[in-house]
Each structure stands twice: as C-alpha cells, then as structure tokens.
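> Pasting the sequence and the predicted model now:
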Amino acid sequence: NIITIMEQMQDLPYKCILFNGIWGIGKSYAIDQAIKGKHNVCKISMFGIKNTNQIYHEALFQLLINNKQGGKFASNIKKGLKTVSEFSEKLKKVTDVVDGVLSEKELFVMMTEKLREYQFIVLDDLERSTIPIEELLGCISDIAEQEECKFILISNEEKIKDLDKYHEIKEKVIGHT
C-alpha cells in the first residue's frame, strides 16, 4: 500500500501523510523503493536532528542540489568560510552578512515557489526526534503550507515522546494516517 500511495501522492488532497507502524515492518524500505530515482523527493531521518532549522537545511540542499549529502556539503563550506574568515576581517564581515540575510526557511520557501513542481519531504524516525513535538509539527505545518510541498512521515507513534501533546495536535497537521 505504501508504494501505491506514494505513486498517487501528488494527486491526493493531503499535504501530509503518516505511515505508522511498529519498528521493523518495512515502512522505510517501502518508502525507499517508492522514491528511488525521484529528483523531487528528499528523505531526512529525524535521528540526530536537533532543531527545525536543520530540517529546512537538509530539505533545501537535498532538493536544490539533488544530493543526499547536501547538508554535509554545506556544513563543510561553512566551516571553510569560517576558517578563512579568521585570517581576513573583510571576509568575516561578508560571512556574517550572508549568515544573517536569509534563513534556510526563507531560502526553502523561495525555492519551492520558483521550481513550480511538487517537492516531497519524507521525515523518517519521527519518534526519534528530540525536537519538542509541537515545534516539530509546527515546522511541518509551515512547510506544508507551501503550495507545491507535501510531507510523508514515517513513525512508530507508540514511541513518540509527549504522546498526549502529539495526539492533541496531530489532526491539525497530518491529513491522512
């Protein structure tokens, strides 16, 4: 069913779909099969993601560069700029300006508006997130408001931290389970 739903996702009215089930039943594997070779899909494991800005960061680089290592690439560039800027006060000022001008959220919004093609963001391991659930679902809701963006969430709902809060607000964000 997962592969069938994924094939129809662009035409479905839902902005956010959740695939829920216990660990080890093949949810992530089925998603991987369904998105194989698709350039307009990024997949982010929530394991190790510390804040919502990292979600924008990963989505931006995976979709824009079509490179699953995009976030690591960007981090390395930033580290390089920081190292070089230590030797040049002018470059440090430029780096500070670039950091402050546009957030990754703003860049992501601009990108989705310009591409005019559905972008799909798969968030795997939702239950492993250390981000407070209301903040995480708020981020998902903000991104899903973009006209050309949809979410696929993969989770074992029973293991989500702050389960009561999750159940309280999930209906506002998740269109179909």
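Perfect, I can see it now. Since this is a predicted model, take the numbers as computed values, not measurements.
> show me where this protein has helices.
Using DSSP state H, the helices of the chain run over 2-8, 27-35, 52-65, 70-85, 89-101, 104-115, 133-144, 163-173.
> how big is the angle separating the last one from helix 133-144?
Here helix 163-173 points in a direction 10 degrees away from that of helix 133-144 (axes from the mean of the first three to the mean of the last three CA atoms, to 10 degrees).
> what's helix 163-173 packed up against?
helix 133-144 (3 or more CB pairs under 8 Å, 6 or more residues apart in numbering; DSSP states H and E). Using the backbone N, CA and C atoms, a C-beta is placed for each residue, glycine as well.
> tell me the angle of the helix it packs on relative to helix 52-65?
Using the same axes, to 10 degrees: helix 133-144 against helix 52-65 is 30 degrees.
> Can you dump the C-alpha atoms of helix 133-144 in PDB for me?
Taking Å, rounded to 0.1, in the frame of the first residue of the first chain, the C-alpha atoms of helix 133-144 are listed here in PDB:
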ATOM      1  CA  ILE A 133       6.600  17.700  19.200                       C
ATOM      2  CA  GLU A 134       4.600  20.900  19.000                       C
ATOM      3  CA  GLU A 135       7.600  22.700  17.400                       C
ATOM      4  CA  LEU A 136       8.200  19.800  15.000                       C
ATOM      5  CA  LEU A 137       4.600  19.600  13.900                       C
ATOM      6  CA  GLY A 138       4.600  23.400  13.600                       C
ATOM      7  CA  CYS A 139       7.500  23.200  11.300                       C
ATOM      8  CA  ILE A 140       5.900  20.500   9.200                       C
ATOM      9  CA  SER A 141       2.700  22.600   9.000                       C
ATOM     10  CA  ASP A 142       4.600  25.700   8.000                       C
ATOM     11  CA  ILE A 143       6.400  23.900   5.200                       C
ATOM     12  CA  ALA A 144       3.200  22.100   4.100                       C
END
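> Give me the buried stretch members for that helix, please.
By neighbour count with 16 or more other CB atoms under 10 Å, helix 133-144 contains the buried residues 133, 136-144.
> where does this protein have low pLDDT?
65-117, 147 (pLDDT under 70).
> N20: what's it in contact with?
By CB atoms under 8 Å, 6 or more residues apart in numbering, the contact list for N20 reads 155-157, 177.
> One more pass at 10 Å, please.
Contacts for N20 (CB atoms under 10 Å, 6 or more residues apart in numbering) come out as 27, 126-127, 153-158, 160, 174, 177.
> re the thing from before, relative to Y166, which of the buried residues of helix 133-144 is nearest.
Of all the buried residues of helix 133-144, Y166 sits closest to I133, with 4.9 Å by CB to CB.
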